[in-house]
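S.K.: fold the stuff below for me.
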Amino acid sequence: MREEKLGTASEVIFHNESNLYTILLFETKEEQFFAVGTMPQPRKGRRYRLFGEWKTHPKYGEQFAFTSFEEPEPTTEEGIMSFLASGVIKGIGPATALAIVKRFGDETLKTIAEHPERLTEVSGIGKKKAAAIAESYGAHREYADTVLKLSAYDISPAVCMKLFKTYGASAVDVVQENPYRLIDDVYGIGFAKADKIAQKIGIAPDSPFRIKSAVVYALLARAAAGDTYAPEAELTEEVAGFLDVSREQVSDAIFELALDGRIFKEELAGEKIVILYAYRRAERFCAAKILQLCDCELTGIAQSTSGLIGRTEKSEGIVLSERQKVAVESSLKCGVSIITGGPGTGKTTIINTILGILRAAGITYLLAAPTGRAAKRMTQATGEDAQTIHRMLEYNYAEGDDRMIFGRNAENPLDAGCVIIDEVSMVDILLFEGLLAAIKPGTRLILVGDADQLPPVGAGSVLSDLLASGAVHSTRLTDIFRQAQESMIVVNAHAINRGEYPEFNGRGTDCFFLERRTEREIADTIKQLCSERLPKYYDNIDPYKDIQVLTPTKKGICGSVELNKLLQAVLNPPLPSKAEKQFGEKIFREGDKVMQNKNDYQLEWKDMRSFQTGMGVFNGDMGVVSAVDNDSGTVAVCFDESRMVIYDYMNLDELEPAFALTVHKSQGSEFPVVVMPMTHFPPMLATRNLLYTAVTRAREGVVLVGKPQMPNAMVDNTSEKKRRSGLGERIKDLWGISDE
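M.R.: Residues are numbered from 1 along each chain as shown. You can find the predicted model right below:
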C-alpha cells in the first residue's frame, strides 16, 4: 500500500551517483527506519517527503522503498539553517548560513528568492556574492521542481537529471509538448523510452506525431548499423508493424516529413528510397567534389615520374614492383587515386616513395588517418607528422548544428598540394564530406586502405563505393613481399581473403590455435594467456598495453562485456592506492583501458605535451583512466598518450572498458599480439572479413582459442550484410557511368 513519509535524512548510508540508488536512515516524528530508492544529491539533515511502500529485504529486513519524493522547503530557523549549511547553495557555508539566518530568521528563503539584494546587509556578502547565492538557490529550486513534475511520468531521477542538464527549467514543457524530441537531444533515451513517456502523457498510439518520430528513429537506427538510406516499401512495412498502425498512415508520415525537409524521398538505382537529409547532402556533395577534383589541373612535376621513381629507389635503397610503380605514377598524375591491398603488399613503401618525390618537387603535403592510433602508426612508418582527420580539419563544436563543423572548409581549405589519408576503409560518409569540403581544387587526394576490412563504424561505405563506381583510378596490390612472407599472420590473412583455410601452430609460427571445448574454458584460457603465458613467451611484451583481446560480439561468456570483467580483475585488480567508480555494472578504475563509444563533439580535451586544447572525442578512441576523483565526481582519461579528457559521472555511459574489444571497434588499430575466442557466434558475425580484420590487427602474434572448426567455418561464411550506401550510385549518375 502506497504511503507518505515526511521527515529528515539523518544519515546518507549509501549513494550511487551513476544510477542514483540511495539508502537513507530516515527519521520522522514517530519512527526511524531505512529508506531505499533513487534520489539525486541526497544530503544529511535535509527534509524530504517520500512516497512508497514497506518491503522486506531477505538480508536487511524491513525497508521503506520510495518511488518518488518531494523536498519541501524548511520553515523553521533550525531547518533553514541546516538546509543552507548543507552546501547545496554555492557560496554559503555553515558560518555564512548562520549569519544569514540570524539576520532574516524564518524569512530567509523568501528574502533570497525575492529580494536577494538584501543579502548585502550581512557582513561579508557583497553584491556579486548575493547575486551568485540567489542564482544558485533559483537553480536548486528549478531542479527540484523539475524532478517532482517529471516523476509523474515515471521518469527516473537519473533521466530527470539529464533532461534538466539539457533543457534547464524548460524540461517539463519540452517533455509535455514533444517527448520524442528527447531521442535526438538526450543521449541514452531511445524511441522505446520516449514512447513510454508519451503514453503517460496521453499521446494517441496512432498520432501522426508519434509515427513521424518512429520513421526518423528507424532511419537513425539503420544509420547506426551502417546504412545511409532505406527502401521506402521496406521502411513503411517495418514502422507499420512496429507501431501496429496501417501502412497508409506511415506513408502519410513519410510524405509530411519530406515536405518538412527532414527526410527525402527519391529514386536511386531504380529503387524508391527514403534518406535522412544529412546523408543525402553528404553523398551528393561527395560525388560532385570527387568529379571536380578528378577534373582539375594539378601542380606540375617537372621531371618524368618514371625518372623520379628510379631516383627515389636508388636514394632510399628500395626496389618497387611494376604494380607499385603504377600506383605511384597514378597517384601523382590523378586528382584522386586509391591504393588498396592487404598486409605485406607494400602500401607503406609506396607512400614513402610518393613523399620522396613530392619533397623533391617542392610540393607540400599532409598525412592523416581516422584515429589517433592509426595516425601514430603512419608517423612511425613514414617519419613524417601524421594526425587524425578531425584534428587536421580543425574540428570544433557548434551548438545546434546538424553536421560536424571544421575550421578547415571550402572558405578556409587545407594548404597542401597533396593530402594522403591512410586506413580510409574506416572513413564514414559524414567525415568524408568534411574532408572533401576542405580540399581545394588542384590538390592531389591519395586514399590508402584495405578494401577487404570491415566497413566503418559510422554510416556509409566510402572506400567500397568509390571502388565500385569505377570513376576513381585505383591500384589493387596483391603480391606479398619477401619479408612479409616470413610472417604467418600476413600469409594467413591473404589465405583467408582468398577463401583458403589458415594454418596454425607450425614451427616458428606467429599464429597459434589452442583447442578448448566450452566457453568457460575458452574465457579462462584467454585470462591465463593475457596475464601469464604470453608475457612469458614474448620478450618485452607488456600484458597490459601490448596484448589485445578481440571478439565478434558483446554478449555471452566470450563477448566483450564479460571478458572485460574477467580481464580487469586480473590485469588491473582493485588496490587501496587505486581509486575507482562503479557506474551501473561497469567499474572504472585508475589504470583501466577504456574506449569512447559515441561521438561527443562537446567534450573538451587538453594535450598535456603541447598544452593545446580542443573539442571532440570520437567513437573508437582508446585511452587509459588516469584519475578517479570521487570528491569532484570526475574521471580523467588520457587518449593517445597525451590528450586528457575530464568526464563527469553523468557522462560515463560514453565510456566502456577496452581490455576486450569487438572486432568492429578495433578497426584502424594495430596491436603486438591479438587473442580471439573461437566459439559459435551468430552467422552474421562469424564471417570471413571479420576473421580477416581480426588477424590483420596483429603485428607479432595471433592466438585463437576455442573450437577448431570455427576458423574454417568463418572463412566459408561470406554472407556478411551489404550496406545500403548511395555514394557509388550517385557518382555513376553524375558521371554518366553505366553498369552495362
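
S.K.: quick check: next helix or strand after the helix ranked longest in the chain?
M.R.: Among the segments of the chain that qualify as a helix by DSSP state H, the longest is helix 127-150. Sequence order places helix 157-167 as the next helix or strand after helix 127-150, per DSSP states H and E.

S.K.: hang on, the earlier thing: and the longest helix of the chain, what does it pack against?
M.R.: The contact analysis (3 or more C-beta pairs under 8 Å, 6 or more residues apart in numbering; DSSP states H and E) places helix 127-150 against helix 108-114, helix 157-167, helix 171-177. Glycine gets a C-beta too; all of them are placed from N, C-alpha and C.

S.K.: any idea which of the ones you listed has the lowest pLDDT on average?
M.R.: When those are compared on mean pLDDT, helix 157-167 scores lowest, with a mean of 75.

S.K.: report the buried residues of that helix.
M.R.: The neighbour-count check on helix 157-167 (16 or more other C-beta atoms under 10 Å) flags 157-164, 166-167 as buried.

S.K.: got it, and stretch 417-436?
M.R.: In stretch 417-436, counting by 16+ other C-beta under 10 Å, buried: 417-436.

S.K.: find the helix or strand that the most centrally placed residue in the chain is a member of.
M.R.: Nearest to the geometric centre of the chain sits residue 598, at 1.9 Å (C-alpha atoms, centre = their mean). Taking DSSP H and E as the definition, residue 598 sits outside all helices and strands.

S.K.: now do the contacts for residue 287.
M.R.: Going by C-beta atoms under 8 Å, 6 or more residues apart in numbering, residue 287 touches 727, 730-731, 733-734.

S.K.: among those residues, name the buried ones.
M.R.: Among the contacts of residue 287, the ones that count as buried by 16+ other C-beta under 10 Å are 727, 730-731.

S.K.: quick check: mean pLDDT across the longest strand seen in the chain?
M.R.: As assigned by DSSP state E, the longest strand anywhere in the chain is strand 3-15. The pLDDT scores in strand 3-15 average 87.

S.K.: following that strand, which helix or strand comes up?
M.R.: Next in sequence after strand 3-15, counting helices and strands by DSSP H and E, comes strand 21-27.

S.K.: residue 236: what secondary structure?
M.R.: Secondary structure assignment for residue 236 (DSSP: H, G, I helix; E, B strand; the rest coil): helix.

S.K.: give the contact list for the residue nearest to residue 113 when sequence neighbours are not counted.
M.R.: Computed as C-beta to C-beta, 6 or more residues apart in numbering, the closest residue to residue 113 that is not its neighbour in sequence is residue 137, at 6.6 Å. With contact set as C-beta under 8 Å, 6+ apart, residue 137 has these partners: 89, 109, 112-113.

S.K.: state the pLDDT value of residue 137.
M.R.: For residue 137, the predicted pLDDT is 78.

S.K.: next, find the distance separating residue 606 from residue 410.
M.R.: 29 Å (C-beta to C-beta, to the nearest Å).

S.K.: more neighbours, the two?
M.R.: A direct count of neighbours by other C-beta atoms under 10 Å for residue 606 and residue 410 places residue 606 higher, at 14 against 11.

S.K.: got a pLDDT number for the more buried one?
M.R.: 91.

S.K.: name the SS class of it, please.
M.R.: Secondary structure, three-state DSSP: residue 606 is strand.

S.K.: and it, how far from residue 372?
M.R.: 15 Å.

S.K.: just residue 334 next, same as before
M.R.: Distance of residue 334 to residue 372, given as C-beta to C-beta: 29 Å.

S.K.: comparing these two, which residue is more hemmed in?
M.R.: When residue 334 and residue 372 are compared for neighbours, residue 372 comes out ahead with 25 against 18, by other C-beta under 10 Å.

S.K.: surely the more buried one touches residue 643?
M.R.: Yes. Contact between residue 372 and residue 643 holds when scored by C-beta atoms under 8 Å: they sit 7.5 Å apart.

S.K.: quick one on the thing from earlier: quick one: the residue nearest to the centre of the chain from residue 375, how far?
M.R.: Distance from residue 598 to residue 375, by C-beta to C-beta: 20 Å.

S.K.: where does the stretch 551-700 of the chain dip in pLDDT?
M.R.: Within the stretch 551-700 of the chain, the stretches with pLDDT under 70 are 631.

S.K.: which residues of it fall in strands?
M.R.: 580-583, 586-589, 593-596, 600-607, 613-617, 622-629, 634-639, 643-648, 655-657, 660-662, 671-678, 698-706 (DSSP state E, counting those that start in this stretch).

S.K.: what's the pLDDT at residue 59?
M.R.: Per-residue pLDDT puts residue 59 at 63.

S.K.: ok so, going back, to residue 512, which of the strands of the stretch 551-700 of the chain lies closest?
M.R.: Closest to residue 512 of those, according to C-beta to C-beta: strand 698-706, at 4.7 Å.

S.K.: flag every buried residue along that closest one.
M.R.: Neighbour-count burial for strand 698-706 [16+ other C-beta under 10 Å]: 698-699, 701-706.

S.K.: any idea how far that strand is from the chain center?
M.R.: Centroid separation for strand 698-706 versus its chain: 26 Å, with C-alpha atoms, centre = their mean, to the nearest Å.

S.K.: helices or strands next to it in the packing?
M.R.: Identification of packing neighbours for strand 698-706 by 3+ C-beta pairs under 8 Å, 6+ apart yields helix 488-498, strand 511-515, helix 519-528, strand 671-678.

S.K.: and the angle for it with strand 511-515?
M.R.: Per axes from the mean of the first three to the mean of the last three C-alpha atoms, to 10 degrees, the angle that strand 698-706 makes with strand 511-515 is 20 degrees.

S.K.: dump strand 698-706 to PDB, restricted to CA.
M.R.: Taking C-alpha atoms only, strand 698-706 is exported to PDB below (Å, rounded to 0.1, in the frame of the first residue of the first chain):
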ATOM      1  CA  ALA A 698      48.100  -8.200 -35.000                       C
ATOM      2  CA  ARG A 699      51.800  -7.400 -35.700                       C
ATOM      3  CA  GLU A 700      53.700 -10.100 -33.800                       C
ATOM      4  CA  GLY A 701      51.300 -12.800 -32.800                       C
ATOM      5  CA  VAL A 702      47.700 -14.100 -33.200                       C
ATOM      6  CA  VAL A 703      46.300 -16.700 -30.800                       C
ATOM      7  CA  LEU A 704      42.800 -18.100 -31.400                       C
ATOM      8  CA  VAL A 705      41.200 -20.100 -28.600                       C
ATOM      9  CA  GLY A 706      38.300 -22.500 -28.900                       C
END
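
S.K.: show me what the helix or strand just after it packs onto, helices and strands only.
M.R.: Of the helices and strands lying after strand 698-706 in sequence (DSSP H and E), the nearest is helix 710-716. Counting contacts by 3+ C-beta pairs under 8 Å, 6+ apart, helix 710-716 is packed against helix 688-695.

S.K.: and the residue nearest to residue 113, how far is that from residue 73?
M.R.: Relative to residue 73, and taking C-beta to C-beta, residue 137 is found at 10 Å.

S.K.: what do you get for residue 607?
M.R.: Distance from residue 607 to residue 73, by C-beta to C-beta: 46 Å.
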